[in-house]
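Chemist: no sequence for this one, just the structure:
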């Protein structure tokens, strides 16, 4: 059952993602620039899908598109961070001291906001 759920999620993700790409590459260059927010609604949608998954990301995208009209707001509106995916663990000074003595003090950050934005830009 979980396998089928993952297949459906992946299929829906690809449909929405390629619809956004279709809009960005074909429809958007024809129309004049009119997005009232930064990042644009299509970039917001790509980020929301990548960070929050298909269900929460599409809900965030739908809310954003519904706000993007002449009487709506404007300004900077970033995708909220999915803080539930971050895991923090306390390391005692004894453990940290042992790690530094072994020379393993290089830490590669793979879960921060900046790292995720840099991966999205590739």
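Modeler: Right, received. Where do you want to start? Since we're looking at a predicted model, the values are computed, not measured. Residues are numbered from 1 along each chain as shown.
Chemist: quick one, helices of the chain?
Modeler: Here the chain has its helices, by DSSP state H, at 2-22, 41-67, 93-101, 113-121.
Chemist: hang on, residue 67 packs against residue 73?
Modeler: Yes: contact status for residue 67 versus residue 73: in contact at 5.9 Å, counting by Cβ atoms under 8 Å. Using the backbone N, CA and C atoms, a C-beta is placed for each residue, glycine as well.
Chemist: tell me which of these two has more neighbours.
Modeler: Between residue 67 and residue 73, residue 67 has the larger neighbour count (other Cβ atoms under 10 Å), namely 15 against 10.
Chemist: show me the contacts for the more buried one.
Modeler: 37, 73 (Cβ atoms under 8 Å, 6 or more residues apart in numbering).
Chemist: out of the helices of the chain, nearest to residue 78?
Modeler: Nearest to residue 78 among the helices of the chain is helix 41-67 (8.0 Å), distances taken as Cβ to Cβ.
Chemist: now the angle from that closest one to helix 113-121?
Modeler: Per axes from the mean of the first three to the mean of the last three Cα atoms, to 10 degrees, the angle that helix 41-67 makes with helix 113-121 is 110 degrees.
Chemist: renumber starting at 8 from here on
Modeler: Let's use 8 as the start, then, which means that last one is helix 48-74.
Chemist: so which bits of helix 48-74 are buried?
Modeler: Neighbour counts over helix 48-74 (16 or more other Cβ atoms under 10 Å) mark 48-59, 61, 64-65, 67-68, 71 as buried.
Chemist: before we move on, what about stretch 31-44?
Modeler: Within stretch 31-44, the residues that qualify as buried by neighbour count (16+ other Cβ under 10 Å) are 35, 44.
Chemist: pLDDT of that stretch, averaged?
Modeler: Stretch 31-44 carries an average pLDDT of 87.
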